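Chemist: Return a 3D structure for these sequence lines:
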Amino acid sequence: MPNHPLKKATLAIHGRQQVDPSTGAVITPVYLSTTFKQSAPNQHQGYDYSRAGNPTRDAYENCIASLENGDQGFAFSSGLGGIATIIDLLPTGSHIILSDDLYGGSYRLFDKVRRKSAGIEIDSVDLNVENPKEALEKYKKPNTKMLWIETPSNPLLKLVDLEECTRWAKANKIISVCDNTFASPILQNPLDLGCDMVLHSATKYIGGHSDVVGGMVVTAKDSPYSEQLRFLQMSVGSVASPFDSMMAHRGAKTLAIRMRTHSESAIKIAEWLEQHPKIADVFYPGLTSHPQHALAKKQMPHGFGGMIAFTINGTPEDTKHFATSTKLFTLAESLGGVESLLEQPSTMTHASIPKTTRAALGITDQLIRLSVGIEHVDDLIADLDQALQF
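Modeler: Got it, this is the predicted structure:
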């Protein structure tokens with residue numbers, strides 16, 4: 001390896017990885033074996049049982065850990081599997097502060113599942129403010145053990161000042177976690193900004209082709225939580241399979257070039273949407289009109305991603321007409337694939353959030369979320385334009 005720091009595009013292919021030493025294979029083989037020969041009881045070559053460790057999964061975990069400038073990576077069978085295992089780090093009855101605009105599945109897990117199974121308490125807090133420390137102090141309790149941040153947020157693309165929030169968390173001995181799914185490790189590195197852990201739904205940009213479900217957690221360098229998380233990953237068992245690890249790892253190798261195209265197209269589409277008479281509001285951190293554009297440039301110096309949200313200037317029926325009239329944008333949940341997708345969060349990804357909470361956040365029936373793919377941007381704009389003819 002060169003002795004100078006490698007760029008992200010190079011790390012995605014070479015970071016903490018090596019040619020297979022036994023065969024010389026350039027790409028890590030898919031090791032399907034569930035068990036491994038031991039030369040004597042508890043004496044092996046680093047692997048004994050695939051739930052505890054697998055060479056294919058290790059290569060994938062090492063790749064993403066290098067992209068996030070972290071200590072260790074932990075691959076899970078889904079993003080929610082990763083979240084559930086992170087929560088298992090906490091004692092029963094812990095209090096967790098959540099940023100208020102959150103993926104609906106994450107909110108459902110915290111509110112509907114872990115409240116009951118782990119006795120956790122949660123508070124959703126608007127951290128999209130000038131002084132997030134004041135908001136955090138207001139909600140802090142003696143049993144507050146974790147701060148959960150999603151930035152950019154899903155679906156409203158709100159940003160949270162990671163340095164300010166993690167500084168507060170460290171001062172109060174509170175674990176800070178950032179869901180970095182929308183930005184990917186190419187555009188934002190929360191561990192460099194003070195977070196203890198970063199989470200990805202690897203189903204999205206890391207996999208990048210809408211053909212594998214997975215999750216990834218990376219701990220900060222010299223993290224006191226790496227050993228605990230490895231134990232929990234093995235004990236709870238929500239691990240990524242060898243085949244899914246290979247698929248996500250293969251996708252990650254083109255992550256840098258894909259994120260560049262996603263970002264370049266998304267800013268052009270967002271600027272076009274801002275000028276369209278049928279669009280009321282556009283939410284994209286790359287726009288100079290975004291209230292946190294300066295923070296976006298600071299936290300996401302290499303691009304602003306492929307996610308856009310906007311509200312239709314019309315009725316819910318107009319919104320339904322638009323959502324069902326596109327030809328290239330497919331009406332479907334999920335995001336981050338090479339193909340462009342759109343969805344209506346209020347009835348799809350965020351339907352599990354109470355209606356009053358959605359309304360307070362601004363998740364109305366007129367809100368549309370786009371995942372801009374890597375098709376030619378002119379074709380995507382033409383598709384949106386024809387669907388807005390109502």
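Chemist: Okay, helices next: where are they in the stretch 151-300 of the chain?
Modeler: For the stretch 151-300 of the chain, the helices defined by DSSP state H, counting those that start in this stretch occupy 162-171, 184-187, 226-236, 242-252, 255-274, 293-299.
Chemist: got those helices as TSV, with mean pLDDT columns?
Modeler: Formatted as TSV, the helices of the stretch 151-300 of the chain follow (pLDDT from 0 to 100):
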stretch	mean pLDDT
helix 162-171	98
helix 184-187	98
helix 226-236	97
helix 242-252	98
helix 255-274	98
helix 293-299	97
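Chemist: From Gln18, how far off is Gly24?
Modeler: 11 Å (C-beta to C-beta, to the nearest Å). Where you see a C-beta, it was placed from the backbone N, CA and C, and this is true even at glycine.
Chemist: of these two, who's got more company?
Modeler: A count of neighbours by other C-beta atoms under 10 Å puts Gln18 above the other of Gly24 and Gln18, at 11 against 7.
Chemist: A strand includes that one, no?
Modeler: No: under DSSP: H, G, I helix; E, B strand; the rest coil, Gln18 sits outside any strand and is assigned coil.
Chemist: where's it relative to Ile27, distance?
Modeler: Counting by C-beta to C-beta - Gln18 and Ile27 are separated by 11 Å.
Chemist: wait, which of the helices of the stretch 151-300 of the chain is closest to Leu331?
Modeler: Ranking the helices of the stretch 151-300 of the chain by their distance to Leu331 (criterion: C-beta to C-beta) puts helix 255-274 first, at 16.9 Å.
Chemist: Which phi and psi values does the nearest residue to Gly286 once chain neighbours are set aside adopt?
Modeler: Residue nearest to Gly286 in three dimensions, not counting chain neighbours: Phe304, with 3.4 Å by C-beta to C-beta, 6 or more residues apart in numbering. Torsion angles at Phe304 (phi, psi; degrees, to the nearest 10) stand at phi -110, psi 10.
Chemist: show me the residues around Phe304 that make contact.
Modeler: When contacts are counted by C-beta atoms under 8 Å, 6 or more residues apart in numbering, Phe304 touches Leu187, Ser263, Ala266, Ile267, Tyr284, Pro285, Gly286, Ala296.
Chemist: try it again with 6 Å
Modeler: For Phe304, the contact set (C-beta atoms under 6 Å, 6 or more residues apart in numbering) comprises Ser263, Pro285, Gly286, Ala296.
Chemist: Compile the residues you listed into CSV and extend it with columns for neighbour count and distance to Pro242.
Modeler: Converted to CSV, the contacts of Phe304 look like this (neighbours: other C-beta atoms under 10 Å; distance: C-beta to C-beta, whole Å):
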residue, neighbour count, distance to Pro242
Ser263, 22, 32
Pro285, 28, 36
Gly286, 21, 37
Ala296, 25, 37
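Chemist: now the chain, which segments are flagged as low pLDDT?
Modeler: Along the chain, segments meeting pLDDT under 70 span 1.
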